[in-house]
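K.L.:
Return atomic coordinates for the entry below.
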Amino acid sequence: MDKIKWTKDLKLGIKILDEQHKELIMRISDIIDSMNLNKKKDETIDLLKRFKNEAIRHFSTEEKYMDNSDYPDTAGHKILHTSFMQEFQALANKVLKGEAGFECAVEFRENIGDWFVRHIRMNDLNLASYIDGKF
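P.N.:
Coordinates of the predicted model:
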């Protein structure tokens, strides 16, 4: 399975968001590796907890940018963040129940990793373009 990697086309030009995106992509990759390699359940759970905290912090930061710039799609964008966190929690619950391994890694890659990259390319890039044009 290919790793999720930070690439230049994911750069928004907003330093804090770019740094957070890089960190979250690295954490997603670590979680996928942990699941795929069937590492200890506690190790994977620790990685999931760290990711969850970072994702919450990141979405909060992003939402402050939306609120401060009167971004027109703030409500829709926030709904995407909520949906993402719900999907994340559903997958984390599988790990808590002992369902890790290759299948879980694939599901995490598709539902969390691929989603996150698409979200940056589409939704976050639109936000960054709006902010850039506004200020």
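K.L.:
check contacts around residue 47.
P.N.:
The contact partners of residue 47, taken as Cβ atoms under 8 Å, 6 or more residues apart in numbering, are 27, 30, 31, 34. The way it works is simple: take the backbone N, C-alpha and C, and place the C-beta from them, glycine included.
K.L.:
name the element the nearest residue to it once chain neighbours are set aside belongs to?
P.N.:
Of all residues not flanking residue 47 in the chain, residue 31 sits nearest, at 4.8 Å (Cβ to Cβ, 6 or more residues apart in numbering). In the assignment (DSSP states H and E), residue 31 maps to helix 15-36.
K.L.:
so how far is that helix off the chain centroid?
P.N.:
Offset of helix 15-36 from its chain centre (Cα atoms, centre = their mean, to the nearest Å): 7 Å.
K.L.:
Now do that helix: which elements does it pack against?
P.N.:
Here helix 15-36 is seen to pack against helix 41-69, helix 102-108, helix 115-119 when contacts are counted using 3 or more Cβ pairs under 8 Å, 6 or more residues apart in numbering; DSSP states H and E.
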